[in-house]
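[1] just a sequence and a predicted model for now, questions to come.
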Amino acid sequence: MASNKKYWKSVEELNEDSPIVKALQDNEFVTEIPTDEFLGNKEALESSSTTRRDFLKYVGFTTAAATLAACEGPVIKSIPYVVQPDEIVPGIANYYASTMADGFDFANILVKTREGRPIKIERNDLAVNGGSVNARVYASVLSLYDKNRLTGPMMDGAEVSWPEFDTAVAQKMNEMSSKDVVLLTQTFASPSTSKLISEFTAKYPNIRHVVYDAVSCSGALDAFQNKYGTRALPDYNFSKAEVIVSVGADFLGDWQGGSYSKGYAQGRVPKNGKMSRHIQFEANLTLTGAKADKRVRATPSQQLEILKALTGGSASGLPENIVDSVNKAKAQLQKAGSKALLVTSLPDVASQTMALNFNASSEAIDVSKPLLTRQGSNTEVMNVINGVVSGSIKGLITVGVDPVYSFPNSKEFTEGYKKLEMTLAFAMKQDATASLAKMVAATPHYLESWGDAQIKKGTYSLAQPTIRPLFNTRQFQDSILQWTGNTQKYYDYIKENWTASMLAGGSWNQALHDGFIASDTEMVMEEVKPTAEGNGTMEEGTSNGALSAFMQEGGYDLTLYTSTGLGDGQQANNPWLQEFPDPITRASWDNYLTVSAADAEALELENTHVSNGALNGSYVNVKMGNVVVENIPVIIQPGQAKGSVGLALGYGNTADGIQKEMQTGVNAYPLYQNFSNIQKVSIEKASGMHEFACVQLQSTMAGRSEDIIKETTLEIFNTKDKEYWNSVPVTDYDHNEISVRDKKADIWSPFDETVGPHFNLSIDLNACTGCGACVIACHAENNVPVVGKEEVRKFRDMHWLRIDRYYSAGESFKEEIETLENLPAFDSYKVVEVPAYENPQVAFQPVMCQHCNHAPCETVCPVAATSHGRQGQNQMAYNRCVGTRYCANNCPYKVRRFNWFLYNENDEFDYNMNNDLGRMVLNPDVVVRSRGVMEKCSMCIQLTQKTILDAKRDGRAIKDGEFHTACSSACETGAMVFGDVNDKESEVAKMKEDRRMYHLLENVGTKPNVFYHAMIKNTTEA
Amino acid sequence: MKKVNFIHLRSKLPFLLLVFLLTFSTTIYSQDNPAGKASAVEVAAPPADAPAVAGGDVAAGESLFKANCAACHKMDAKAVGPALRNVADKYDRDWLYKWIKNSSALIASGDPTAVKIFEANNKTVMTAFPALSNTDIDNILAYTSQPKPEPKVAATSTPADGGQNGSGGASNGLVLGALALIFLLLVIMLFLVTNTLKRIAEANGVVYEEKEKRTPIWKAFVQNQFLVLVFSIFLILAAGYFAYCYMMQVGVDQGYAPVQPIHYSHKIHAGDNQIDCNFCHSSARKSKHSGIPSLNVCMNCHKNIAEVAPETATPEYSKEFYDGEIAKLYKAVGWDAANQKYTGKTEPVKWVRIHNLPDFVYFNHSQHVTVAGIACQTCHGEMQTMEIASQFAPLTMGWCISCHRTTNVNLESNEYYAKIHEELSKKYGVEKLTIAEMGGLECGKCHY
């Protein structure tokens, strides 16, 4: 960015006569380096006992000793089992079906274990409606091996034994028997836990149970309860909707628990010339907005009006362009009739009711079997907060929640919490609440516990331990059983419950094997009732009050959201999630305020790039009433609605149990007043610049999209020839134009790939929602190291698979090219580089090694460390690599990653690979790379080889669907399909023949084995 | 001078011959040793023709005992059941018939002796043998009534062995000493003779011719630049060669035979007792690891084998030594041999790993064992002869590759290969395919 602007680091610099500035300019180092002082002091030198010759001797000796010591082979011990369990064969993975239910993410999963260690989470394909296996669920296996976990129960900061702890608790309970005690828990959605808690509260009638969701869905729950009688969330099947209108709802993200991307993607892949139409009105640029056919920027206050207009009201009072869009959307919704769907994230009951009423007749909504993954009620939780602050509540037991961190008025609450007579926290790590609690019951990770869940009504899931508890922990349910005088273990308790009701004579072992059963047998769940006055009318009153205050003029509309990586912040200690780049901003290790370009200009906020390309951003203080959150870094976000800002929850947790490196970002929960995700705030600029770790910087595609992202509209796709919208690049041969796929265009002789399997990976840009599950799955499968913020900032991130996010300035990528071509020569630069485009089109493109058949990297490697396999994989022999990095330079896709440092057993990189516990997650089938070697996607050769070797051993041919990679099996939307193209019947072979198929940068002639399906947008207006 | 030398040689010759002869005779003698040992064993072996007791057929009894009783009973030590030597003397014969045919019925009937035995043996019910006739039982009892054989083999063979060895050593030393003495005498005589001859020559007035002064050979060598050049090139090449050889054997641990925490002899298990490798290394068939057997696998047999047979002992390792090693196993697995119970106190064994492939190599046992049908010995050597396990193969990449280049894929009756074989054999025009032709030399097949 060429400019004549003067940049400065401090105000002092502006004063040209300042002696400090002069001194700083003249001297390379701020303080004098004491070399002269030392060397000039003859006395000191002479009195030193080490002479130069001695020094050289020492150096020589140590070098020789180190060399000799290195020649000796290490003695390696092998320790077999004393009694080997039947099911464990060293070297063979075991899979167990289980369920994750941490109160924020609910999913049916398969746990891959090796020699008794869980090493990877996979999808449970048997399970239907099993919640969404997203990036956080994949990463949760690493949270098991968190070295900061609590290792045993604690009282007043000292570790005690469980019997001691139980005695103390029993005594305390008796003391408290006439006082008000609240059991504040996460949403369990667990039939057995529900039953158990009701037994517990029956025994101790002074204890009442309150469910608290850190990220509230109370409005939607109240609306649903008012209309349908159950406290639950409606389930949507987006594949059945032809027109989807979302007002602020990021349903491909974490809206109402997420898990909708699969259905959505089904409707978005054009079949028989048809696909759904998706219109999004939103303030922040979300994953959902990025995928929308039409995205209209609207601040939350405008969203209220839009929702009213869509559900029957008039669209007055809105800007003209929005009115137009609203009217068109309304018409389309009406036209679609029962195939229309309207969703919203506005937090108040009234808005949620409006949407519910609108969808009542829709085919895409399921109200008979709703989701039970959120249960919290804002009024109830507010009562708890007020009770603790006022002192009417005397005791608080917290389970799976961290109110000291996540309550909006944390300061007053903390004061009240410290004064409570009984504070008991069930926690996995020393979180903010556990550090203050007098009694801390250490709980195991969900992979060490038994459990059950009813994610969706009528579908029951089981969770089973996949490893013996690593520490002296006891799960909450076992503690409750103990305290209610029940001698059963929780396992027996669940089994008894299940046998009594939902199994209905079915096999327990089968249910445990599958991880779930679908059953219509109702199991009575403890009904979480909002208090009498909290029902319906009252809710509407309060929230309307809140929102009407919200409607006032002035200030900025803040939309709080949960990031794809950290969610509500429970897994803040997870380095995989911290390093996961946000799909939209591509920044990792941070949260930040997203601001529109116009507002940034008005507030004089800026994003600058330093010389190595890294991104810096201004700081702001955000004020709301008397709440001030200071020093939030700013990212100028294309597509952000003017007058609105966005900020992610879940960061900035500075509790003792959070490792220093992971205490990233700022805590946004203080701004989450009344548990409303939209707030009115004022912003002022603060001094200083923040250093971001952002892995992709370009603001637009700069008109170079042709060979990277191919995109067209549904209309053109249906009516025009393939050559028009997905033409194969041409090259010149003998003065004629020939296709680059022509044999004559090739200067290399081809490999023979016809024998045996030949792997190809298909990626459908229409189905890809950028959710990043593949990135984390790849991390887990391939032992990809975490490098930390400083290194990511230098673009040394090690992700083998990245999801590029591209913006285009026009209504489509094609349009952008046309616009740029018509611009005068010197204007285009500005247009391209300045993110002035207010509402960009977005495309996600997962890019991993393309496994070129004519790989540019192979030809330049001086030691032949990278070579081509007959099965289509570009192979990398790490032990052969000498680290010249020629290959990375010659790779047109920039997918090769260099190990600049030793990332394991290195205190400089104190992440999971630096401790014995964290290393337990490593996949034993993939080597951990060392410093100085290049690495990259191997197309999961360990998995394809495993499939082949298994088939050889069984003496059978391989069927389609057996081959998979970590990313393709993680992809919930089906965007990634992997297989053998030599098997002409395989799905991937058919995908390759599809009209939408194209290769990335095909004109380079690399003939990749990864191909993409062009993006189609449904631009049909009503 | 030359003549003189010759004479000396001639005088030395008979002695040299003598030295040669004696050396050979001693080696022949020492090689005789094992044969002698073996015959000693044979002589001591048949203990069978001891006097038959109580009119039973001892030989028939022995085979019946081994077929029916030996799983739980030993002759002289408690196993699952009590020791059985001279059991016929302890109980009434008729009672024994009843007990052996159906012990639980006897216990149920409340017979006091039966109940006492039952309780003394952890209330383990003895298998009923209704099929055994009274004669059979008599035969068995006859066998059990034999007197305990003296540990003749160990007693006779080992000391005899030692004695022979000792005497052999002494005679060898004696002969060598005598030879050395003779040699020394010869040297002295030679010196004296030369001196005497010199003196005679001087006395006879023989005058030596003075030799011409010639340039010393090393100077000539240094002056010849060509020679120096050739020599230094040769030196450099040789040094390079040795350096290369030295470097190439860094990290190659062929022959590595570390001392293990328990002296486990593959020779006894896989060799003498012919236990199949897969019996203990069962995961070699299905997993990438061959697996070091867990201790419960050892205990499948060793629960009943608390001591080795006397025949197992060798000059290097005595029976006591082997029994001590089994005791180590018991300690590790927490087996109380006296009470035939697990104590629950275990101490996992820290074996020293012999075959250490680097982390960056993927090797799968099941592919070689099950798919290819390669014998374990191909890579691990004759394990069944190894008293101490050692690394047989160099485990270098060159070693892997050369085998992959020359070995044909075992295609028969494996449906996986059906299509691939058809295509590949068409491509290469051969009926049999090597692993290399199947793509077995690609880097990524073993390095990921």
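    Happy to help now that I have it. Since the model is a prediction, treat every value here as computed from it, not as a measurement.
[2] shaky segments in the chain?
    Unless you meant another one, I'm taking chain A. A:1-35, A:38, A:45, A:68-72, A:129-130, A:521-553, A:698-705, A:810-813, A:824-837, A:1022 (pLDDT under 70).
[3] wrong one, chain B
    B:1-55, B:150-170.
[4] OK, now which residue of it is nearest to chain A?
    Residue nearest to chain A within chain B: B:Gly444 (3.0 Å; CB to the nearest CB). Using the backbone N, CA and C atoms, a C-beta is placed for each residue, glycine as well.
[5] how many neighbours does that residue have?
    Neighbours of B:Gly444 under the rule other CB atoms under 10 Å in any protein chain shown: 25.
[6] give me the three-state assignment for it.
    helix (DSSP: H, G, I helix; E, B strand; the rest coil).
[7] cool, A:Thr433 as well?
    helix.
[8] now A:Ile776: which helix or strand?
    helix A:773-782 (DSSP states H and E).
[9] before we move on, the earlier item: quick check: the residue of chain B closest to chain A vs A:Pro581, distance?
    Going from B:Gly444 to A:Pro581 by CB to CB, to the nearest Å gives 28 Å.
[10] still on that earlier bit, check contacts around the residue of chain B closest to chain A.
    A:Ser867, A:Gly869, A:Gln873, A:Gln875, A:Met876, A:Ala877, A:Ser938, A:Ile941 (CB atoms under 8 Å, 6 or more residues apart in numbering or on different chains).
[11] now, which of those sits nearest chain B?
    Looking at the contacts of B:Gly444 and their distance to chain B, the nearest is A:Gln875, at 3.0 Å (CB to the nearest CB).
[12] any idea whether the closest one is helix, strand or coil?
    Relying on three-state DSSP, one would call A:Gln875 strand.
[13] what's the neighbour count on it?
    Neighbours of A:Gln875 using other CB under 10 Å come to 21.
[14] pretty sure it contacts B:Gly439?
    No: using CB atoms under 8 Å, A:Gln875 is not in contact with B:Gly439, being 11.0 Å away.
[15] and for the two, which residues touch both?
    A:Gly869.
[16] so which residues on the stretch 101-250 of chain B come close to chain A?
    B:Val250 (CB under 8 Å from any CB of the partner chain).
[17] before we move on, back to that, who touches the helix holding A:Ile776?
    So helix A:773-782 is contacted by A:119-122, A:133-135, A:137-139, A:141-142, A:576-577, A:580, A:784, A:799-803, A:846, A:848, A:921, A:923, A:926, A:937-938, A:940, A:943, A:966-972, A:976 (CB under 8 Å, 6+ apart).
[18] buried ones in the helix or strand hosting A:Leu481, by neighbour count?
    A:Leu481 is located in helix A:476-483, with elements delineated by DSSP H and E. For helix A:476-483, the neighbour count (16 or more other CB atoms under 10 Å in any protein chain shown) marks A:Phe476, A:Gln477, A:Asp478, A:Ser479, A:Ile480, A:Leu481, A:Gln482 as buried.
[19] likewise for stretch A:875-885?
    A:Gln875, A:Met876, A:Ala877, A:Tyr878, A:Asn879, A:Arg880, A:Cys881.
[20] closest to chain B among the buried residues of helix A:476-483?
    Nearest to chain B among the buried residues of helix A:476-483 is A:Asp478, at 24.4 Å by CB to the nearest CB.
[21] for A:Ala437, see how far away the closest one is.
    Taking CB to CB, one finds A:Asp478 at 19 Å from A:Ala437.
[22] what do you get for A:Pro924?
    Shown here: A:Pro924 relative to A:Ala437, a distance of 39 Å by CB to CB.
[23] those two: which has the busier surroundings?
    Counting neighbours by other CB under 10 Å for A:Pro924 and for A:Ala437 shows that A:Ala437 has the greater number, 28 against 18.
[24] surely that one meets A:Leu424?
    Yes: taking CB under 8 Å as the definition, A:Ala437 is a contact partner of A:Leu424 at 6.2 Å.
[25] neighbours of A:Leu304, how many?
    A:Leu304, neighbours per other CB under 10 Å, totals 24.
[26] in three-state terms, label the residue nearest to B:Asn102 when sequence neighbours are not counted for me.
    Leaving out its chain neighbours, the residue that sits closest to B:Asn102 by CB to CB, 6 or more residues apart in numbering or on different chains is B:Ala128, at 4.4 Å. Under three-state DSSP, B:Ala128 falls in the coil class.
[27] what residues are up against B:Ala128?
    So B:Ala128 contacts B:Lys101, B:Asn102, B:Ser103, B:Ser104, B:Ala105 (CB under 8 Å, 6+ apart).
[28] help me confirm that the second one comes into contact with B:Pro130.
    Think B:Asn102. Yes: with contact defined as CB under 8 Å, B:Asn102 counts as touching B:Pro130 (6.3 Å).
[29] tell me which of those two has more neighbours.
    For B:Asn102 versus B:Pro130, the count of surrounding residues by other CB under 10 Å is larger for B:Asn102: 17 against 8.
[30] how about the backbone phi and psi for the more buried one?
    B:Asn102 adopts backbone torsions of phi -160, psi 90, taken as degrees, to the nearest 10.
[31] ok, it to B:Asp136 distance?
    For B:Asn102 relative to B:Asp136 (CB to CB), the value is 15 Å.
[32] now do the strands in the stretch 551-700 of chain A.
    A:556-562, A:587-588, A:593-595, A:607-609, A:615-624, A:627-636, A:644-649, A:678-691, A:693-694 (DSSP state E, counting those that start in this stretch).
[33] same question but for the stretch 351-500 of chain A, I mixed them up
    Under DSSP E, counting those that start in this stretch, the stretch 351-500 of chain A gives strands at A:365-371, A:395-399, A:422-427, A:439-442, A:451-456, A:459-463.
[34] go on, the stretch 201-350 of chain B?
    Ranges of strands in the stretch 201-350 of chain B, per DSSP E, counting those that start in this stretch, are B:335-336, B:341-342.
[35] so who does the nearest residue to B:Val259 once chain neighbours are set aside touch?
    Of all residues not flanking B:Val259 in the chain, B:Val352 sits nearest, at 7.3 Å (CB to CB, 6+ apart). By CB under 8 Å, 6+ apart, the contact set of B:Val352 is A:Val75, A:Ile76, A:Lys77, A:Ser78, B:Pro258, B:Val259, B:Gln260, B:Pro261.
[36] and the next helix or strand past the longest helix belonging to chain A?
    The single longest helix within chain A, with elements called by DSSP state H, is helix A:52-71. The first helix or strand that comes after helix A:52-71 along the chain, using DSSP H and E, is strand A:77-78.
[37] now for that following strand, which elements pack on it?
    strand B:351-352 (3 or more CB pairs under 8 Å, 6 or more residues apart in numbering or on different chains; DSSP states H and E).
[38] try it again with 6 Å
    Of the remaining helices and strands, none touches strand A:77-78 by 3 or more CB pairs under 6 Å, 6 or more residues apart in numbering or on different chains; DSSP states H and E.
[39] show me what from the stretch 301-448 of chain B comes close to chain A.
    B:333, B:346, B:348, B:350-353, B:356, B:359-360, B:366-367, B:370-371, B:414-416, B:420, B:423-424, B:439, B:442-444, B:447-448 (CB under 6 Å from any CB of the partner chain).
[40] among those residues, the buried ones, what's the ChimeraX command?
    Here is the ChimeraX command that selects the buried residues among those (16+ other CB under 10 Å):
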select /B:333,346,351,356,360,366,367,370,371,414,416,420,424,439,442,443,444,447,448
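[41] distance between the ends of stretch A:465-476?
    14 Å (CA to CA, to the nearest Å).
[42] check the offset of it from the chain's centre.
    26 Å (CA atoms, centre = their mean, to the nearest Å).
[43] give me the residues contacting it.
    Outside stretch A:465-476, the residues within contact range by CB atoms under 6 Å, 6 or more residues apart in numbering or on different chains are A:96, A:111, A:113, A:118, A:151-152, A:399, A:426, A:442-444, A:447-449.
[44] having no further points to raise, I will conclude here.
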